[in-house]
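Trainee: got a predicted structure plus its sequence, pasted below:
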Amino acid sequence: EISLKYGAERLGKRQDADMKRFRDNRLGAFIHWGLYAIPGGEWNGEMYGGAAEWLKAWAKVPADEWLKLMEQWNPTRFNPKAWAKMAKKMGVKYVKITTKHHEGFCLWPSKYTQYTVAQTPYKKDILGEMVKAYNDEGIDVHFYFSVLDWSHPDYRYDIKSEEDEIAFARFLEFTDNQLKELATRYPTVKDFWFDGTWDASIKKNGWWTAHVEQMLKEMLPGVTVNSRLRADDYGKRHFDSNGHLMGDYESAYERRLSDPVKDLKVTRWDWEACMTVPENQWGYHKDWSLSYVKTPLEVLERIVHAVSMGGNMVVNFGPQPDGDFRSEEKELADAVGRWMSVNGECIYGCDYAGWDKQAWGYYTRKGKEVYMVVFNSPYSRHLVVKTPKDVKITKAVVLNGKEVGVKETARNEYNVDMPAKDSGAPFVIKLQIEDNTNAADKYREALT
Ligand SMILES: Cc1ccc([C@@H]2N[C@@H](C)[C@@H](O)[C@H]2O)cc1
């Protein structure tokens, strides 16, 4: 291993209570809300199919013109209590809020820039209202923060001159001040999810990324920080030059998941995925017909897929400029919530089971209990389960339903029966297992 000053501070998963809570929460929601919601993908009468929160870039809008949208920021239908109730009903345990996206507009009244909610017709601290409403519903709040800031004259994509050095040093101080402001004003925040950290300017300042993680953890003991913030001494991101994960969980799975058969490496560390409902829209876009929109079932499968591999999943919502949600997102929250109210125990507090994946769906595990989450019913009407060596199935019960038959068909192979009644939706079978692994070891020990 090479010696690093700004590499991973810790090897292996964090096992403290705050990280356990982050991990056990498993299901989160993203809220992407900013000035970009106002144009909703359309500029000067032209509709852009790219991500709506990047419209400034697609339509090549200068920062000062873009920020004039602040004059229209007045979400009259914003109702934080209703937002929190919707999240509660969906079964999310935490919400990640864009405090500031690349555009530089702050949802809190930052005193370090004039581009904040305080300088809009809305005036009030909208971030504070959200934090209170979610926390009052027992939902944790995480902060998304974009280091990349298109509104700030001192931002640099790369450092190519003394002038760049000086300007970017001012920018990093500005960013420190905003982060301290967020940690001070909203001390119940549980996580910082950094974005906009891919430019050469950041990679050349790995020291700063390590300093930010340390600063936040001193101010808010237990807070979690994503790997996307970090660059090491050589500009290596997420994993340092020795291959060790930086931050508390890997945050590279954005709109993608690793293969549950071919690519199991992620099961070795904590990670969190995030996903859009259209193919690629985080902020509000007026026209969702421009790309494929995932059905609630397809969203649900991604949630289960992530948890089956020991990760969290964050489902994105892009609120309208008026502060209400589009009907597709309300229906999605409702559908996922109905399924989670019956089957949530196979998600919350669950992890990778370590069993070979089968065609019918995914396994998740909590201690001695293994859950089969069935998305694909086989014509054979038998759900094949292959258990690891020395592990036996002793019982199988459908969640919110009846026991089903289990027949051993070969060594470590079983047929689990389908539930008698077809619920017409993915269902979960909870297996009780006898794990004789240790017994066998003891036996082998006795022989020696
Ligand atoms: C190329 C690219 C840059 C930034 C993003 C941002 N990360 C997501 C979490 C959204 O915030 C998106 O704007 C996505 C793709």
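Mentor: Right, received. Where do you want to start? Keep in mind it's a predicted model, so treat the numbers as computed, not measured.

Trainee: tell me if I'm right that residue 315 and residue 32 touch.
Mentor: No. Counting by Cβ atoms under 8 Å, residue 315 does not reach residue 32; the two are 11.5 Å apart. Backbone N, C-alpha and C define where each C-beta goes, glycine included.

Trainee: what's in contact with stretch 285-301?
Mentor: Surrounding stretch 285-301, the residues in contact under the criterion Cβ atoms under 8 Å, 6 or more residues apart in numbering are 40-42, 47, 49, 51-52, 275, 277-281, 302, 315, 318, 326, 328, 331-332, 335-336, 339, 375, 425-426.

Trainee: count of residues packed around the residue of the stretch 251-400 of the chain found nearest the ligand?
Mentor: Nearest to the ligand in the stretch 251-400 of the chain, going by Cβ to the nearest ligand atom, is residue 282, at a distance of 4.1 Å. For residue 282, the tally of surrounding residues (other Cβ atoms under 10 Å) stands at 29.

Trainee: need the pLDDT of the residue lying closest to it once chain neighbours are set aside.
Mentor: For residue 282, the nearest residue in space outside its immediate sequence neighbours is residue 32; the separation is 4.1 Å by Cβ to Cβ, 6 or more residues apart in numbering. Predicted confidence (pLDDT) for residue 32: 99.

Trainee: try residue 441
Mentor: 46.

Trainee: do residue 445 as well
Mentor: Predicted confidence (pLDDT) at residue 445: the value is 51.

Trainee: report the rounded mean pLDDT for stretch 298-312.
Mentor: Looking at stretch 298-312 alone, the average pLDDT works out to 98.

Trainee: and the residue most central in space within the chain, what does it touch?
Mentor: The structure's the chain has its C-alpha centroid closest to residue 314; by Cα atoms, centre = their mean the separation is 3.5 Å. For residue 314, the contacting residues are 28-30, 96, 272-275, taking Cβ under 8 Å, 6+ apart as the criterion.

Trainee: get me the contact residues on the stretch 151-300 of the chain for the ligand.
Mentor: Residues of the stretch 151-300 of the chain lying close to the ligand by Cβ under 6 Å from any ligand atom are 195, 254, 274, 282.

Trainee: ok, residue 232 touching residue 6?
Mentor: Yes. With the criterion set as Cβ under 8 Å, residue 232 and residue 6 qualify as a contacting pair; they are 5.0 Å apart.

Trainee: now for the two: what residues contact both?
Mentor: When contacts are counted by Cβ under 8 Å, 6+ apart, residue 232 and residue 6 have 206, 240 as shared neighbours.

Trainee: need the strands for the stretch 301-448 of the chain, in chain order.
Mentor: Counting by DSSP state E, counting those that start in this stretch, residue ranges of the strands within the stretch 301-448 of the chain are 311-317, 361-366, 369-374, 382-386, 391-398, 406-410, 413-417, 427-435.

Trainee: show me where the stretch 1-150 of the chain has its helices.
Mentor: The residue ranges that make up the helices of the stretch 1-150 of the chain, judged by DSSP state H, counting those that start in this stretch, are 17-25, 55-58, 63-67, 80-90, 126-136.

Trainee: quick one: the ones you listed as CSV, columns for mean neighbour count too.
Mentor: What follows is the helices of the stretch 1-150 of the chain, written out as CSV (neighbours: other Cβ atoms under 10 Å):
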stretch, mean neighbour count
helix 17-25, 17
helix 55-58, 19
helix 63-67, 16
helix 80-90, 19
helix 126-136, 20
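
Trainee: turn those into JSON lines, columns for mean pLDDT.
Mentor: Rendered in JSON lines, the data for the helices of the stretch 1-150 of the chain read as follows (pLDDT from 0 to 100):
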{"stretch": "helix 17-25", "mean pLDDT": "98"}
{"stretch": "helix 55-58", "mean pLDDT": "98"}
{"stretch": "helix 63-67", "mean pLDDT": "97"}
{"stretch": "helix 80-90", "mean pLDDT": "98"}
{"stretch": "helix 126-136", "mean pLDDT": "99"}
